[in-house]
Structures are given as C-alpha cells and as structure tokens.
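A.B. asks: Take a look and give me a structure for this.
(one chain, ligands or ions: 2)
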Amino acid sequence: MDTKLIIDTDPGIDDAFAIALAALSAEVDLIGVTTVFGNVPLASTTVNARRLLQLCGRPDVPVAAGAERPLVHPQPFTAAYVHGSDGLSGKSGTLPEPTRELEPVDAVSLLVQLLEAADEPVTIAPIGPLTNIALLLAAHPHVRSKIGRIVIMGGGVTFGNTTPVAEFNIWSDPEAARRVLVEETVPCVLVPVDLTHRCAVDADWIAKLSATGPIGATLVGLTGSYQKHYPKALGRQAMVLHDTVAVAEAMSQGILRTETFPIDVDCGLGPSRGQTLVDRRPATAHEESPEVRSPGTVEVAVDTDLDGLRGFVLDGLSGSRR
Ligand code: BDR
Ligand code: CA
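C.D. replies: Ligands and ions are numbered 1, 2, ... in the order given. Purely as a prediction, here's the structure:
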C-alpha cells in the first residue's frame, strides 16, 4: 500500500528536491504540502512550494500556508545566504506559475482535515522549523492517532550547521522542536546533519540529474546559491540535500538505519540554544541516574547505504518510478 505523506516545508533548495522526490514517485501518495517560515519568509516559501508542485505536474496536491514566525522568540536570521533571497537561488520566478489556488485555510487546519479524513496512518515529513507541527499537536491532540510517523530533517548529534551545536531547523524554533521531540509521544525519526552531510552529492550526480530531462535540469538550475555555499562549507565540490534524505526515509521506511536514543532540546537563550542533546550513553547510565535522564525518546538516523540512497533519490527525481 502506498504511504500517505504530508510534507511541511520552507523551500529552500533542498526542500525543492525533497518535494520533487515525493511528487514524482509513484510509491508514495503525497496528499498535502504545508509551508512554514524558515530559509526565507513565509510568502516566499509558500509560492515556491506551489510552483515546485506545478513543475512536477502535481496541481492536485493542496498547499496551505502556516506559521510566519517561531512560537516564542523571533528567529534571529533566515538562511537566505545559503538559498538565495527568494529561497531558490533567485530562480523562483522562472518556475511555472501554479494553476491551483492556495488553500483558503491555514496549514494546521489543512493538516487536521487531511488527518481526520485518512483511513490509514499518515506520515508527516517536517523539513523546516517545527512550528506548524507543534501547534498541530498542541491544539488538536485527537489527530495523534492518525499519524504513523513524523520523519524530521533536523538536529545534530555531534555538530551543528547554524551554530557550533545547533542545526538550522531546530535553532529556528527550539520551543516548537522540544514540544514535538520531547513532550509528545507520536513516533519521531530525526534525520540529523551528521548523516545528511555524509549523503552529499557530487558534480557527477548533479550532471546525471540534469541529463534526466526538463524537470531534472530545472532542479539543477535552482542550485546556484548551494553551488557557491557548499564548497566553502565542506571544503570540497559537493552539495548537501538534507531534506531529500529525510523524505527518502518517509517514503521508504528503513532506507536509513536508526537507533533509539533519549533526546532533549536546549531552549535556553545561551550559546547552545537549539542544540539537540542526543543521549548516547549506555542504557545502564540512564537507569543509574534516572533523575537526570532526558524525557523524550526518538529514533535517530545514524547510517545508510550512501550510494544506494543517492541512487534512490536520482531515480525518483528522474521520474523513473512514476
Ligand atoms: C535544514 O535547514 C535548511 O536550510 C534546509 O532546507 C534544511 O531543512 C538543514 O539544516
Ligand atoms: Ca528545509
């Protein structure tokens, strides 16, 4: 049976690849896309998501706009320096204009509608700040039973990408992330930067995608800002398509190897704000010191067949699984 999937997103270059991967793959039933502030402001992430679905020939997928800011503290800055000021390397306006209107309801309302209507568990893939998902679970707890898994791109086990210890999506709204990862019981899979960086794609992979056809070539055309940023950030010619790694797991459960760990999120206002504290001590350590044990437990993606994953994404984006 096809996995029913909702993507919550802030496109974003890697979000664009992730949306296209799900939109172009027949093994997943993409039933909705909700948008959130993040890489760039909400108005841009929303029009980008709608244009990307049009590019992929999927105007059947409803899009609703969500949170324009974090729950508690303002977001200190966006990631326009990584994705371009429009979120897509200045190329958003070159994508096809959407034929489908934006949904007249907000993101949380669309999530509730889709979940209430679902007759099988739905996977949610948040690939931006977790604000919409925290609001959903806080305001509409009855939909928890309709959610099979929440597969999140976010966090870092051993390093961050926005601060030395915090990853962008968690850092953008730590209070929301803590609500989802620590305070809720819906099964979560966290796909951290430790693994997404290992899944980086090189120039050969990009050239292959470009040669698959007009959609592949258009996606590659959106990567100008990434092609400038990542060689500096990584010290080699490669790009990290973070969100596609999470959406691959959302589509194909088990493509990433996971381990279960206690987790917490630093919501303090000091230098480690937004850090995901993944407790990798042996279980006996928790048992001996239960009073200092982290409250939440999540599955953390720790490994994958790197070439297999890259091949899965390339095949999906080429439309060969349509
Ligand atoms: C995450 O932050 C954003 O810039 C990307 O789209 C991805 O979701 C990586 O840290
Ligand atoms: Ca994103």
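
A.B. asks: after the lowest-mean-pLDDT helix or strand in the chain comes which helix or strand?
C.D. replies: Lowest mean confidence among the helices and strands of the chain (mean pLDDT, DSSP states H and E): helix 283-288, at a mean of 67. Using DSSP states H and E, the next helix or strand after helix 283-288 towards the C-terminus is strand 296-304.

A.B. asks: Now the helix or strand following that next one: average pLDDT?
C.D. replies: Next along the chain after strand 296-304, taking DSSP H and E as the criterion, comes helix 306-317. In this model, helix 306-317 carries a mean pLDDT of 98.

A.B. asks: Show me what helix 306-317 is in contact with.
C.D. replies: Under the criterion C-beta atoms under 8 Å, 6 or more residues apart in numbering, residues 17, 20-21, 24-25, 198-199, 201, 205, 208-209, 212, 215-216, 219, 241, 244-245, 248, 251-252, 255-256, 321 lie in contact with helix 306-317. C-beta coordinates here come from the backbone N, C-alpha and C atoms, glycine included.

A.B. asks: What of stretch 97-104?
C.D. replies: With contacts defined as C-beta under 8 Å, 6+ apart, stretch 97-104 is touched by 46-47, 50-51, 53-54, 59-65, 110.

A.B. asks: mind listing which of those are in helices?
C.D. replies: 46, 47, 50, 51, 53, 54, 110 (DSSP state H).

A.B. asks: Quick one: neighbours of the third one, just the number.
C.D. replies: Right, the one you point to is residue 50. Number of residues near residue 50 (other C-beta atoms under 10 Å) recorded here: 26.

A.B. asks: Which residues are in contact with the residue most central in space within the chain?
C.D. replies: Central residue of the chain (C-alpha atoms, centre = their mean): residue 127, 1.5 Å from the mean position. For residue 127, the contacting residues are 7-10, 12, 14-15, 18, 152-153, 169, 242-243, 246-247, by C-beta under 8 Å, 6+ apart.

A.B. asks: out of these, which are inside helices?
C.D. replies: Those of the contacts of residue 127 lying in helices (DSSP H): 14, 15, 18, 169, 242, 243, 246, 247.

A.B. asks: these two touch, right, the third one and residue 5?
C.D. replies: No - in this structure residue 18 lies outside contact range of residue 5 using C-beta atoms under 8 Å: 10.7 Å.
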